[in-house]
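Colleague: Below are the sequence and a predicted model for it; my questions follow.
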Amino acid sequence: NILQKTDISPRNILALTYTEAGSFAMRERLRSFIGTDALRVNIETFHGFCKWLIDEEYPEKFVRSPGMKMLEELDARRLVARILLEWGYTYLKPRHDAELYMGDVIRIVWQLKREGITPEFFRAKIDEAVADLPNNEELHYKIDSKWWKKWERKPLYTDAEERLRRQRELSYVYAAYQKALIDESRYDYDDMILLVRDQLRDDAHFRALIREEYQFVMVDEFQDTNGLQASIVDLIMDDQEQPNILVVGDDEQSIYRFQGAVMENIINFSNRYRDKWLTVIPLTENYRSTQTILDASREVIRNNTESLEKALDLDKKLTKNITSEEKKITLICPPDPQV
């Protein structure tokens, strides 16, 4: 439709998705519609797109050390283990076991990076929380040491303070991890998106080049994006009177929260572009399930506290578009998982 109604080249269209399998499926589907022009459309994962900008299209915008290499997960574990051993941490090395929290440390550091949260910002928020502990009424209780004395309020935030101190140490590990990456000329998986996000934010010329080159943007599986990925889209589209952008997502299929996915990105997108010719199109035809299954699953999902239906006042009730026999749902309670 874009190619037929505008003079835009296929290379001026950018389609982003979450997985390599998704990008391959999108390109094959598009090729069935428009033929070989599909090979010229930029269909990438977020990481693939950022890697292309850094390594191929604008390497001069990303000055890095010669021979800089990708940090694999095993190397990341070794690096964090070394940091925990070398530094005198108290709360992250209980019983002097440097590896007790190592898996959690790596997971949280990567999650912070995916949300674009720096070690300094993280530490500042922790310090604010520590300073506010005495003001938190929920962390106090009343005692009466002597029956003739009045009730006194005593603090009950020792555990909360210890958790915050552990998180403060985590912020130091995070900073040391980032510094070690620079010192050793390494970068991890999320640094590719961080580099592009920072360059788009800080370099007006680079931002203008990207906006000129990618004039139509589509994002698939938007419910699986994290805050850092969504910020890339926002920076490309910001300050445009009528952005040419389409996002496709379903909050009821948001299954990657453990990897940093933020379903709220869809709601934030709606709020951001509400005054810029935003059109919301609910897709309510289902080609896979019987109506019995659709209705039953809807009754379960509607108990979610967060949903697009509630946030955007939508009707997402699905109706089947298949011919099939309706059968009752059978509830089975086996005696053990092997049955």
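Modeller: That came through fine. Residues are numbered from 1 along each chain as shown.
Colleague: who touches Tyr187 in this structure?
Modeller: For Tyr187, the contacting residues are Arg64, Met68, Lys69, Met70, Leu71, Leu181, Leu195, by CB atoms under 8 Å, 6 or more residues apart in numbering. No exception for glycine: its C-beta is placed from N, CA and C like everyone else's.
Colleague: Are we agreed that the last one is in a helix?
Modeller: If I follow you right, that is Leu195. Yes - if the criterion is DSSP: H, G, I helix; E, B strand; the rest coil, then Leu195 is within a helix.
Colleague: Which two of the contacts of Tyr187 have the greatest separation?
Modeller: Of all pairs drawn from those, the greatest distance, 14.7 Å, lies between Lys69 and Leu195 (CB to CB).
Colleague: Tell me which of these two has more neighbours.
Modeller: Legend: neighbour count by other CB atoms under 10 Å for Lys69 and Leu195, higher for Leu195 (18 against 11).
Colleague: Confirm for me that the more buried one is in contact with Phe62.
Modeller: Yes - Leu195 lies in contact with Phe62 (CB atoms under 8 Å); the separation is 5.7 Å.
Colleague: okay, and the common contacts of these two?
Modeller: Counting by CB under 8 Å, 6+ apart, the common neighbours of Leu195 and Phe62 are Ile54.
Colleague: which residues of this structure fall in helices?
Modeller: Defined through DSSP state H, the helices belonging to the chain, from first to last, are 2-5, 20-34, 46-52, 73-86, 102-114, 119-132, 158-183, 191-202, 204-213, 227-237, 264-273, 291-301, 308-312.
Colleague: Between those helices, which one is closest to Val219.
Modeller: Shortest separation from Val219 across the helices of the chain is recorded for helix 227-237, at 6.0 Å, computed as CB to CB.
Colleague: which residues sit against the closest one?
Modeller: Taking CB under 8 Å, 6+ apart as the criterion, the residues outside helix 227-237 that touch it are 16, 46, 50, 113-116, 190, 193-194, 196-197, 200-201, 207, 210-211, 214, 217, 219, 225, 243, 245, 247, 260, 262, 265, 268-269, 272.
Colleague: Just the buried ones from those, in ChimeraX syntax?
Modeller: The buried subset of those, as determined by 16 or more other CB atoms under 10 Å, is captured in ChimeraX by this line:
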select :16,46,50,113,114,115,116,190,193,194,196,197,200,201,207,210,211,214,217,219,225,243,245,247,260,262,265,269,272
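Colleague: Give the residue spans of the stretch 201-339 of the chain that score low on pLDDT.
Modeller: Low-confidence segments of the stretch 201-339 of the chain, defined by pLDDT under 70, span residues 255-263, 339.
Colleague: wait, Ala76 sits on Asp188?
Modeller: Yes - under the contact definition of CB under 8 Å, Ala76 touches Asp188, with a separation of 6.3 Å.
Colleague: Tell me which residue is most central in this structure.
Modeller: Asn226 (1.3 Å; CA atoms, centre = their mean).
Colleague: Quick check: that residue touching Arg114?
Modeller: Yes - assessed by CB under 8 Å, Asn226 is found in contact with Arg114 at 4.3 Å.
Colleague: so how far is Leu170 from Arg163?
Modeller: Taking CB to CB, to the nearest Å as the criterion, Arg163 is separated from Leu170 by 10 Å.
Colleague: okay, those two: which has more neighbours?
Modeller: Comparing Arg163 with Leu170 by neighbour count (other CB under 10 Å), the higher total belongs to Leu170, at 23 against 14.
Colleague: and that one, what does it touch?
Modeller: Contact analysis of Leu170 by CB under 8 Å, 6+ apart lists Leu92, Val105, Ile108, Val109, Phe122.
Colleague: Next up, the contacts around Gly22.
Modeller: With contact taken as CB under 8 Å, 6+ apart, Gly22 is in contact with Thr45, Asp220, Glu221.
Colleague: I figured the first one was touching Tyr18, is that so?
Modeller: Yes - here Thr45 reaches Tyr18: they are 6.7 Å apart, a contact under CB under 8 Å.
Colleague: the more surrounded of the two?
Modeller: Each of Thr45 and Tyr18 has its neighbours counted (other CB under 10 Å); Tyr18 has more, 21 against 17.
Colleague: Against Trp52, how distant is the more buried one?
Modeller: With the distance defined as CB to CB, Tyr18 ends up 17 Å from Trp52.
Colleague: Ok, Lys316 next?
Modeller: As judged by CB to CB, Lys316 and Trp52 stand 35 Å apart.
Colleague: Likewise for Phe33?
Modeller: For Phe33, the distance to Trp52 under the criterion CB to CB works out to 24 Å.
Colleague: cool, and Leu30?
Modeller: 18 Å.
Colleague: Check Asp251 too.
Modeller: With CB to CB as the criterion, Asp251 and Trp52 are 29 Å apart.
Colleague: the more surrounded of these two?
Modeller: Per other CB under 10 Å, whichever of Asp251 and Trp52 has more neighbours is Asp251, with 22 against 15.
Colleague: Isn't the more buried one up against Leu308?
Modeller: Yes - under the criterion of CB under 8 Å, Asp251 makes contact with Leu308 at 4.8 Å.
Colleague: overlap in contacts of the two?
Modeller: Ile266.
Colleague: if we can go back for a sec, give me whichever of the helices of the chain is most buried.
Modeller: Per-residue neighbour counts averaged over each of the helices of the chain give the maximum for helix 227-237, namely a mean of 21 (mean count of other CB atoms under 10 Å).
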